[in-house]
Structure formats: structure tokens, C-alpha cells
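**Q** No sequence on hand, only this structure:
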Ligand code: APR
């Protein structure tokens with residue numbers, strides 16, 4: 001039966017209401033580049049995505065850093081400039097509203113800071129943060145990047161060249177264990193704007209309970225994503241997430 005508050009939006013979902021008396025207050029949100037697309041930040045694998053213009057091996061890998069660090073710094077400088085000029089969109093803002101009713105934890109694959117700038121309080125960045133830099137030798141030496149440029153000759157306190165504080169292909173994902181625990185504890189799981197192409201991030205949803213209600217917002221979401229108890233919204237995040245948030249507040253708080 002559709003719940004008492006069917007969304008005005010094309011929610012392709014058919015779900016029972018929250019179980020009476022069962023606290024369902026921890027919402028875990030896995031986001032990808034798609035949630036920032038309407039803020040003007042390119043995704044990676046869409047038709048005009050970053051990886052259609054660059055080979056990731058040449059700009060986002062330890063080998064590239066070793067071979068031509070200046071080109072890598074320039075690639076991230078351009079993306080950092082784009083992030084600074086971008087603003088959070090309605091999807092980021094809607095997730096902040098959710099915090100008035102639920103314990104919301106965001107696991108983002110994005111290196112932008114739009115969730116934080118929107119006001120989200122509990123965000124972990126699986127793939128790092130573009131507005132931070134770190135020592136090339138000691139990953140614990142992390143610094144904010146003032147402005148949009150990080151250049152050759154900018155050094156950490158250990159004297160090494162500063163590099164972007166992001167996870168390159170082939171590097172470990174240090175926040176993954178924390179993300180797994182968050183998914184395990186989710187009462188509701190949202191997946192927003194990710195192609196679920198890159199591991200281990202793409203496996204996180206599998207750690208959520210099989211009977212946990214899951215919602216996948218992505219205009220290209222395909223039904224072959226065989227996730228149990230999944231409801232798909234094949235819409236852009238900027239329009240679908242505010243509606244999904246209203247639905248969750250009306251039916252699960
Ligand atoms: N709203 C919602 N989803 C959108 C929108 C939008 N307005 N526009 C695009 N999308 C969807 C696309 O359909 C696609 O499924 O966002 C997804 C973007 O997928 P990718 O470009 O693969 O980005 P992502 O899944 O975040 O990539 C994961 O890959 O290259 C690495 O480190 C990089 O963190 C990145 C990781």
C-alpha cells in the first residue's frame with residue numbers, strides 16, 4: 001500500500017510505512033559526483049565527464065605524480081577552482097534538513113566540500129578532500145589549501161612537496177572501515193548520484209541490513225543493481241532528493 005504521504009514526485013516506490021515502535025532514526029547517505037552535478041561540478045563517467053577529457057592514469061595516480069607532478073597539480077588546481085566557485089544545490093540542502101529529524105551520516109566519494117558548506121555535520125570523504133593538501137612522505141601531515149592553487153615548491157613541514165589530499169587510483173582508502181560500520185548501523189540507506197563503478201566504495205551498500213529500506217537517486221539508475229529492499233528514483237538529485245527527504249520525514253520519523 002502506498003504510504004499516507006505519496007510523493008508528488010515520480011517515486012518508483014512501493015513501501016510499507018515505518019515499522020511502528022521501531023526506532024528508524026539513523027540515515028546513512030552514500031553520495032557520488034552526481035549530487036554535485038547541478039552545482040556545476042563535472043562527474044567522471046557521464047558523456048561530458050572528466051574521464052572523457054583526461055586519462056585518470058595520467059592525472060590521478062601515484063605513477064602520474066611520480067612522472068609529472070606539475071601536471072597533476074594543475075589538474076587538481078582547475079578542479080579546486082571549480083569547487084570554490086560552485087555552490088551547494090537543493091540536494092545538499094535537503095540532506096541538511098533531514099538532520100532535524102534523523103541522525104544523518106554522509107559517506108561521500110566526492111572531494112568537494114559542498115556537503116559541509118550546505119551545513120551537513122557528519123561527513124566522511126572516502127576519496128579525500130580537494131581543498132586540503134598533504135606531505136608526499138607523511139600522510140598524517142595535512143594542511144588546508146588557501147585559494148585554488150597548489151604549486152611545485154609548496155612544501156610540507158617535513159620538506160616534501162605538498163600533494164592533493166585525495167585518494168588516487170591504486171592507493172588505499174583509509175576511511176573504508178569506518179564507512180562499513182556506518183552502513184552496518186544504518187536504519188535507512190540513501191544512495192545518491194553514483195555509478196557504483198568504483199570499489200571499495202561501490203560495495204558499501206552491501207553492508208547495510210537486507211531489510212533496511214534503501215533509496216537510489218540517479219537518472220541513469222538501472223534496475224540491474226540487485227540491491228534488496230531498494231527503491232529507485234530515476235531523477236536528478238536536485239529535484240528528487242528534496243522530495244525523498246519529505247517522504248522520509250512524513251513516513252519514518
Ligand atoms: N543527479 C543525480 N545523479 C546524477 C546527476 C544528477 N543531476 N547527474 C549525473 N548523475 C549520476 C550519473 O548517472 C552517474 O551514475 O551520477 C553518477 C556519476 O557517476 P561517476 O561519474 O562514475 O561518479 P562516481 O560514481 O562518484 O565515481 C566514483 O570514481 O573516478 C573515481 O574518485 C572518483 O569518486 C570518484 C569515483
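**A** Looks like it came in fine. Remember, it's a predicted structure, so these values are computed and weren't measured experimentally.
**Q** Next, the contact list for the residue lying closest to residue 54 once chain neighbours are set aside, please.
**A** Distance criterion C-beta to C-beta, 6 or more residues apart in numbering; nearest residue to residue 54, sequence neighbours excluded, is residue 75 at 6.6 Å. In short, each C-beta sits where N, CA and C put it, glycine included. Residue 75 makes contacts with 54, 59, 60, as judged by C-beta atoms under 8 Å, 6 or more residues apart in numbering.
**Q** buried ones in the one helix or strand residue 75 maps to?
**A** Using DSSP states H and E, the element containing residue 75 is helix 69-85. Neighbour-count burial for helix 69-85 flags 72, 73, 74, 75, 76, 77, 79, 80, 82, 83 (criterion: 16 or more other C-beta atoms under 10 Å).
**Q** okay but the first one is in contact with residue 59, surely?
**A** Pointing back at residue 72 there. Yes: with contact defined as C-beta atoms under 8 Å, residue 72 and residue 59 form a contacting pair (5.7 Å).
**Q** got the residues of the stretch 51-200 of the chain near the ligand?
**A** For the stretch 51-200 of the chain, the residues in contact with the ligand (C-beta under 6 Å from any ligand atom) are 109, 127, 193, 194, 195, 197, 198.
**Q** Hmm, the last one is touching residue 126, no?
**A** No: counting by C-beta under 8 Å, residue 126 is not a contact partner of residue 198; they are 9.3 Å apart.
**Q** what residues do the two have in common as contacts?
**A** Overlap of the contact sets of residue 198 and residue 126 (by C-beta under 8 Å, 6+ apart) consists of residue 109.
**Q** who's more crowded, those two?
**A** residue 126 (23 against 17; other C-beta atoms under 10 Å).
**Q** Before we move on, what's the pLDDT of that one?
**A** Per-residue confidence (pLDDT) for residue 126: 98.
**Q** What separation do you get for it and residue 77?
**A** 22 Å (C-beta to C-beta, to the nearest Å).
**Q** One more: residue 250?
**A** Taken as C-beta to C-beta, the span from residue 250 to residue 77 is 44 Å.
**Q** ok, now residue 110?
**A** 17 Å.
**Q** what about the strands in the stretch 51-200 of the chain?
**A** With DSSP state E, counting those that start in this stretch as the criterion, the stretch 51-200 of the chain has strands at 103-108, 123-125, 128-135, 142-144, 162-166, 188-192.
**Q** Averaged pLDDT, the last one. What do you get?
**A** When the per-residue pLDDT values of strand 188-192 are averaged, the result is 97.
**Q** can you count the residues close to residue 133?
**A** For residue 133, the neighbour count with other C-beta under 10 Å is 25.
**Q** separation between it and residue 126?
**A** 18 Å.
**Q** and if you look at residue 205?
**A** 13 Å.
**Q** what do you get for residue 215?
**A** Distance from residue 215 to residue 126, by C-beta to C-beta: 19 Å.
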